[in-house]
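Chemist: The sequence and its predicted three-dimensional model are supplied below.
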Amino acid sequence: MSRFQSFFRSFAAGAAALSLVSLAGPAEAHRMWLHPSATVLSGEDPWLIVDGAIANELFYFEYYALPLEGLAITAPDGTSAEPQNLNHGHYRSSFEVQLVQDGTYKVAVAQDAAFAKYMQDGETKYWRGMAGEIGSAIPAGAEEAEVTHLERRFEVFATVGAPTETVFTPTGKGLEMVPVTHPNDLFAGEEATFKLLLDGAPAAGLDVEIVKGGSRYRDAAGGETVTADSEGLFSFTWPEAGMYWLGAETVDENTGIPGAQKRNASYSATLEVLPQ
């Protein structure tokens, strides 16, 4: 059994399991995120360090490590790069990337999972795991089965030298973001524009939550919500420098697994905004 499977199955009881279905939401809900050491790098041998976690507070490790199955690192020339020093701790996962090319890298964790709730012998049962395992996960004789397909994507962008755009090509699967403003060219007081896609088409009317990190040290987590227009475009003016979490999600019936009644597709990115 993989760590990803073990992680999801450990949340087999009621609200604890269901709380992780929602990516965005109230401050008390657990958010999932990647956190880079920096996103604009230079020097002769630059390295990117990335942490992944699930926690109440943004970029503070106090709940659970983010599973890294589905991790893919795309180099500026479109080839794959390998993570190094991969570690799965209790509160966080971490890895490093040696940035050997000039240009923009994309670090993405794409999870294709499923959640099931069903009745068996008069008891409510829960299951979480890889989407491809759902066919054998629900036992024969189970009743009132409710299956949700979970498509999640977490991204970080990092640039060495001049920014490039090769890594912005979408996969056409699930919820994705295509930058209009380069994600490593963000400055306090300036407006940035991005485009949300759902299965390759504009995600019109979708709400996007944007929250500055360091919420542990504020009385209220804060954050703002903007809405994508008919073309999936949304803009935001950064009030100050820092690391920001950007997240969106949607629920529909476009499931990719047999027996699922609905799909929960979500996206998040961590973006670094620099001072002027």
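Modeler: Alright, I've got the coordinates.

Chemist: which residues touch the closest residue to Val167 other than its chain neighbours?
Modeler: Nearest non-adjacent residue to Val167, counting by C-beta to C-beta, 6 or more residues apart in numbering: Lys106, 3.8 Å away. C-beta here means a position set from N, CA and C on the backbone, and glycine is covered the same way. Applying C-beta atoms under 8 Å, 6 or more residues apart in numbering to Lys106 gives the contacts 73-74, 155-157, 167-168.

Chemist: where along the stretch 51-200 of the chain do the helices fall?
Modeler: 134-137 (DSSP state H, counting those that start in this stretch).

Chemist: can you give me the strands for it?
Modeler: 64-65, 71-74, 80-81, 84-88, 93-98, 103-120, 123-130, 143-160, 175-179, 191-198 (DSSP state E, counting those that start in this stretch).

Chemist: Could you report the separation of Lys125 from Gly141?
Modeler: In this view, Lys125 and Gly141 are 11 Å apart by C-beta to C-beta, to the nearest Å.

Chemist: Looking only at neighbour counts, state which of the two leads.
Modeler: Lys125 (15 against 9; other C-beta atoms under 10 Å).

Chemist: how deep is the residue nearest to that one when sequence neighbours are not counted tucked in, by neighbour count?
Modeler: The shortest distance from Lys125 to any non-neighbouring residue, by C-beta to C-beta, 6+ apart, is to Tyr118 (5.5 Å). Using other C-beta under 10 Å, Tyr118 is surrounded by 19 other residues.

Chemist: pretty sure Tyr118 is touching Ile138, no?
Modeler: Yes. Counting by C-beta atoms under 8 Å, Tyr118 does reach Ile138; the two are 5.7 Å apart.

Chemist: Glu44 - how many residues pack around it?
Modeler: 4.

Chemist: host element of it?
Modeler: Using DSSP states H and E, Glu44 maps to neither a helix nor a strand.

Chemist: show me the contacts for it.
Modeler: Glu44 sits in contact with no residue, where contact means C-beta under 8 Å, 6+ apart.

Chemist: quick one: the residue nearest to Val167 and Gly52, what's the gap?
Modeler: 15 Å.

Chemist: Likewise for Phe234?
Modeler: Distance, Phe234 to Gly52, using C-beta to C-beta: 25 Å.

Chemist: what's the answer for Tyr91, then?
Modeler: Taking C-beta to C-beta, one finds Tyr91 at 10 Å from Gly52.

Chemist: Name the residues contacting each of those two.
Modeler: In contact with both Tyr91 and Gly52: Ala65, using C-beta under 8 Å, 6+ apart.

Chemist: Between these two, which has more neighbouring residues?
Modeler: Gly52 (24 against 14).

Chemist: can you pull up the bridge partners for that one?
Modeler: For Gly52, the beta-bridge partners under DSSP bridges are Leu34, Ser93.

Chemist: Touching, it and Ser94? I think so.
Modeler: Yes. The criterion here is C-beta under 8 Å, and Gly52 meets it with Ser94 at 7.2 Å.

Chemist: Residues in a beta bridge with Ser80, which ones?
Modeler: For Ser80, the beta-bridge partners under DSSP bridges are Thr74.

Chemist: got a list of what it touches?
Modeler: Ser80 sits in contact with 72-74, where contact means C-beta under 8 Å, 6+ apart.

Chemist: what do you get for Ser215?
Modeler: Per C-beta under 8 Å, 6+ apart, neighbours of Ser215: 27, 57-58, 60, 221-222.

Chemist: Return the per-residue confidence for Leu18.
Modeler: Note on Leu18: pLDDT of 34.

Chemist: and if you look at the one 3 residues further on?
Modeler: Predicted confidence (pLDDT) for Val21: 38.

Chemist: Just checking the distance from stretch 176-196 to the centre of its chain.
Modeler: 17 Å (C-alpha atoms, centre = their mean, to the nearest Å).

Chemist: nope, stretch 35-49 is what I was after
Modeler: The answer for stretch 35-49 is 20 Å, by C-alpha atoms, centre = their mean.
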